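Visitor: Provide a 3D model corresponding to the input given below.
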Amino acid sequence: MSPGWLALAGALALVTTHAQPSPHYRIAHEVSLPGDEGWDYLAFEAGGHRLFVSHGARVLVVDTDKLAVAGEITDTPGVHGIALAPDLGRGYISAGRAGVIVVFDLKTLARLKQIKTTGDNPDAILYDAASQRVFTFNGRGRNATAVDARTDAVIGTIALDAKPEFAVADGKGRIYVNLEDKSSLAVIDPHKLSVISVWPISGCQEPSGLALDAAGGHLFPVCANKVMAVMDAASGKVLGSAPIGGGVDAAAFDPGSRLAFASCGEGALTVVSTSAAGVLQVAQSVPTRRGARTMALDARTHRIYVVTADFGAAPPATPEHPHPRPAILPGSFRLLVLEPQ
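Guide: Below you'll find the predicted structure:
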């Protein structure tokens, strides 16, 4: 083939690559779940078929092949998050109201023990496989508690001087956590239990959810001012942003499709295409349901899971609760399964 034809073929291949459309997501299933309490984070068992759903004072476990409840872990007051340690056969739950970590058997779901955290209101929780340590990020405590997952002993506290939100680990010796009230992101050394850096997230207000493209070295914080930012995970430089829906509380990144996601409580899932250079472009805004603000991703099937419920009127405001949440209507809690077409 002549050099001219080679150049033309290369150009056509490049155009074809960039012209490939992103998958189109839709709600494929709605599954009724028991209970009328509130909810927070979801966690999917990587390589498995179980979804862990925080719900009031328990964690529901859903078989995602059968789309049916397969079990539960009880006595987790004010549950926020779930971290899974498959190499150790255990899971960890942040019970914010009780101020403890609940440890359970990953196979049987049996409750094994509880561990007192070193800060009030443990919220997000993370297992770092590289260090075999569990970290809770304590909202009112403005710190993080570190636990040796091999012994379940508390081994330290990391002062953050800010309200931590969601966190991710790169598996290479770094943990990243959003600092909501500082509109910034902290980088933590999980071995030394110290803060390496604190990076401002320009253009982002009150970051909540956070996702990581580990191979590409990009972070995706999602923010209360309806923005998803993209940051260089090595330097903290903000590379760009994309508009998302309101009421966001979680983010995810799918390495297979190179799509980033933001689950927004206003009733939308924002789907964002990403590039190696850190360019973001909104690919789709998928209608979900009001309240579907947290999610989990199954990277193998590319499914997205969110939960929500129907709401009634909010109770009257009081000095203790100046901004009361609307009441959840009985029997309306459900799982939404979004699939690409």
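Visitor: now the helices for this structure?
Guide: Under the criterion DSSP state H, the chain contains helices at 3-19.
Visitor: beta partners for the most centrally placed residue in it?
Guide: Using Cα atoms, centre = their mean, the residue of the chain that lies closest to the mean C-alpha position is residue 250, 4.7 Å off. For residue 250, the beta-bridge partners under DSSP bridges are residue 263.
Visitor: what's the answer for residue 44, then?
Guide: On the basis of DSSP bridges, residue 44 takes part in beta bridges with residue 51.
Visitor: contacting residues for it?
Guide: Contacts here follow Cβ atoms under 8 Å, 6 or more residues apart in numbering; on that basis residue 44 touches 50-52, 64, 296-298, 305. Glycine gets a C-beta too; all of them are placed from N, C-alpha and C.
Visitor: with residue 28 instead?
Guide: Taking Cβ under 8 Å, 6+ apart as the definition, contacts of residue 28 comprise 337-339.
Visitor: which stretches of the stretch 151-300 of the chain form strands?
Guide: For the stretch 151-300 of the chain, the strands defined by DSSP state E, counting those that start in this stretch cover 153-159, 164-169, 175-179, 184-189, 194-200, 207-213, 218-223, 227-232, 238-243, 248-254, 259-264, 268-274, 280-287, 295-298.
Visitor: can you list the strands that the fifth one pairs with?
Guide: Right, strand 194-200. Based on DSSP bridges, the pairing partners of strand 194-200 within the sheet are strand 184-189 (antiparallel).
Visitor: just the last one next, same as before
Guide: Counting by DSSP bridges, the strands paired with strand 295-298 are strand 303-308 (antiparallel).
Visitor: in this structure, where is pLDDT below threshold?
Guide: 1-21 (pLDDT under 70).
Visitor: domains in it, as residue ranges please.
Guide: Domain ranges of the chain: 25-38+206-311+333-341, 75-200, per automatic domain parsing.
Visitor: need the contact partners of stretch 279-286.
Guide: Here stretch 279-286 makes contact (Cβ under 8 Å, 6+ apart) with 22, 24-27, 228, 230, 239-245, 259-260, 268-274, 338.
Visitor: quick one: residues contacting residue 101.
Guide: With the criterion set at Cβ under 8 Å, 6+ apart, residue 101 makes contact with 92-95, 114-115, 117, 122, 125, 134, 136, 145, 147.
Visitor: can you redo these as TSV with neighbour count and distance to residue 104?
Guide: Output for the contacts of residue 101, formatted as TSV (neighbours: other Cβ atoms under 10 Å; distance: Cβ to Cβ, whole Å):
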residue	neighbour count	distance to residue 104
92	26	8
93	29	7
94	32	12
95	25	11
114	17	10
115	18	12
117	26	16
122	34	15
125	29	12
134	27	12
136	35	15
145	25	18
147	24	14
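Visitor: need these in CSV with distance to residue 313, can you?
Guide: Rendered in CSV, the data for those read as follows (distance: Cβ to Cβ, whole Å):
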residue, distance to residue 313
92, 36
93, 31
94, 30
95, 29
114, 36
115, 39
117, 35
122, 31
125, 33
134, 39
136, 34
145, 38
147, 41
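Visitor: next step: those restricted to strands.
Guide: Cross-referencing the contacts of residue 101 against strands under DSSP state E gives 92-95, 114-115, 122, 125, 134, 136, 145, 147.
Visitor: which of those lies closest to residue 77?
Guide: When the ones in strands among the contacts of residue 101 are compared for distance to residue 77 (Cβ to Cβ), residue 95 comes out closest, at 5.3 Å.
Visitor: wait, doesn't the closest one sit right on residue 122?
Guide: Yes: the pair formed by residue 95 and residue 122 meets the contact definition of Cβ atoms under 8 Å, at 7.2 Å.
Visitor: okay, and the common contacts of the two?
Guide: Between them, residue 95 and residue 122 share the neighbouring residues 80, 101, with contact defined by Cβ under 8 Å, 6+ apart.
Visitor: how close does the closest residue in space to residue 150 that isn't next to it in sequence sit to residue 76?
Guide: Take residue 150 and drop its neighbours on the chain: the residue closest to it by Cβ to Cβ, 6 or more residues apart in numbering is residue 132, 5.6 Å away. For residue 132, the distance to residue 76 equals 23 Å [Cβ to Cβ, to the nearest Å].
Visitor: so these two - more neighbours on which side?
Guide: For residue 132 against residue 76, the residue with the higher neighbour count under other Cβ atoms under 10 Å is residue 76, and the figures read 27 against 16.
Visitor: my guess is the more buried one contacts residue 57. True?
Guide: Yes: counting by Cβ under 8 Å, a contact exists between residue 76 and residue 57, whose distance comes to 5.8 Å.
Visitor: before we move on, the earlier item: distance to residue 319 added to the domains of the chain, as CSV?
Guide: CSV is the format used below for the domains of the chain (distance: least, Cβ to Cβ, whole Å):
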stretch, distance to residue 319
domain 25-38+206-311+333-341, 21
domain 75-200, 19
